[in-house]
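# Sequence and computational prediction follow.
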Amino acid sequence: MGDLILTGPALERAKSEIDNALIKAGVHTVLLIDQAGNVVASCGKNSKDMDITALAALAAANFGATSQIAKLIGEDDFSLLFHKGKRDSIHFAKIGKDFILVTIFSDEVSLGLVRLRVAELSNSIQRIFDKGTSI
């Protein structure tokens, strides 16, 4: 695959899809990051109240470490990760080969709903970025 170039309109469409699929369903914060931990897009109420740069870097590192664990047990990769806290939970999902979607939500939002919406969103975001964004 060539270099990936994301245009402003493609990013805006992706953010709109994230808002419609997850934020409107009650999810607090969604980050779209690259494999290196760079923030591509952030959506939601709490994204301004937290250090999203640190969160993105740690999320990418977590995904990278887990990928190596998968290889140790004979898996190619794990496509999603989930951590549950007392108040909030965090769900990580791979979007194609280049991105990770980080979703933070409270107990008021079911994990099943998040998983369903993220699966649908993953395909939608991948289609947006595939349309004329690689060279």
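On my side now, so go ahead. Keep in mind the model is a prediction, meaning the values are calculated, not measured. Numbering: from 1, shown residues only.
# my guess is residue 77 contacts residue 70, does it?
Yes: Residue 77 lies in contact with residue 70 (CB atoms under 8 Å); the separation is 5.3 Å. C-beta: built from backbone N, CA, C; applies to glycine.
# Which one of these two is surrounded by more residues?
residue 70 (14 against 11; other CB atoms under 10 Å).
# so is residue 37 in a helix, a strand, or just coil?
coil (DSSP: H, G, I helix; E, B strand; the rest coil).
# Let me see the contact set for it.
Contact analysis of residue 37 by CB atoms under 8 Å, 6 or more residues apart in numbering lists 56-61.
# Out of those residues, which comes closest to residue 103?
residue 59 (10.5 Å; CB to CB).
# Relative to residue 105, how far out is residue 112?
12 Å (CB to CB, to the nearest Å).
# Between the two, tell me which one has more neighbours.
residue 105 (22 against 8).
# center of the chain - which residue?
residue 101 (0.3 Å; CA atoms, centre = their mean).
# In this structure that one contacts residue 118, no?
Yes: checked against CB under 8 Å, the pair residue 101 and residue 118 is within contact range at 6.1 Å.
# Overlap of the contact sets of the two?
residue 93.
# By mean pLDDT, point me to the weakest helix or strand of this structure.
Least confident helix or strand, the chain: strand 80-84 with a mean of 90, by mean pLDDT, DSSP states H and E.
# Can you give me the first-to-last residue distance of stretch 43-57?
17 Å (CA to CA, to the nearest Å).
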